[in-house]
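Engineer: sequence isn't available, so here's the structure alone:
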């Protein structure tokens, strides 16, 4: 599966989302950490693990998706139906 990933590193929360072929939304994730590097690594690791993705499944990490990712709130993610949910 070739997934396009978007990451938004904010001041307190890092958001990550992915789109599978056909535009299917993978479960968005939210991670809090005290520094941006830890936060981005944590978000990426959690996202790939919980969506059962290998690095070879990632087609790209798109900065253009950052605006889209930033529109999500944690309550939005709780109410979404996404592939990859258990």
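Structural biologist: Done, it's in. The structure presented is a predicted model; accordingly, all values stated were derived computationally and were not measured.
Engineer: only C-alpha atoms from now on, for both contacts and neighbour counts.
Structural biologist: Will do.
Engineer: nearest spatial neighbour of residue 36, skipping sequence neighbours?
Structural biologist: residue 9 (6.6 Å; Cα to Cα, 6 or more residues apart in numbering).
Engineer: quick one: the helices in the protein?
Structural biologist: Remark: helices assigned in the chain by DSSP state H are 36-50, 66-69, 74-79.
Engineer: returning to what we had before: could you verify my assumption that the residue nearest to residue 36 touches residue 15?
Structural biologist: Yes. With contact defined as Cα atoms under 8 Å, residue 9 reaches residue 15; the gap is 6.5 Å.
Engineer: and the two? which has more neighbours close in?
Structural biologist: residue 15 (26 against 21; other Cα atoms under 10 Å).
Engineer: what sits closest to the more buried one if chain neighbours are left out?
Structural biologist: Using Cα to Cα, 6+ apart, the closest residue to residue 15 is residue 30 (4.7 Å).
Engineer: repeat for residue 25
Structural biologist: Leaving aside its sequence neighbours, residue 25 sits nearest to residue 19 (Cα to Cα, 6+ apart; 4.7 Å).
Engineer: state the distance from that neighbour to residue 57.
Structural biologist: 11 Å (Cα to Cα, to the nearest Å).
Engineer: anything in contact with each of these two?
Structural biologist: In terms of Cα atoms under 8 Å, 6 or more residues apart in numbering, residue 19 and residue 57 are both contacted by the residues residue 3.
Engineer: I'd say residue 43 and residue 16 touch.
Structural biologist: Yes. With contact defined as Cα under 8 Å, residue 43 counts as touching residue 16 (6.5 Å).
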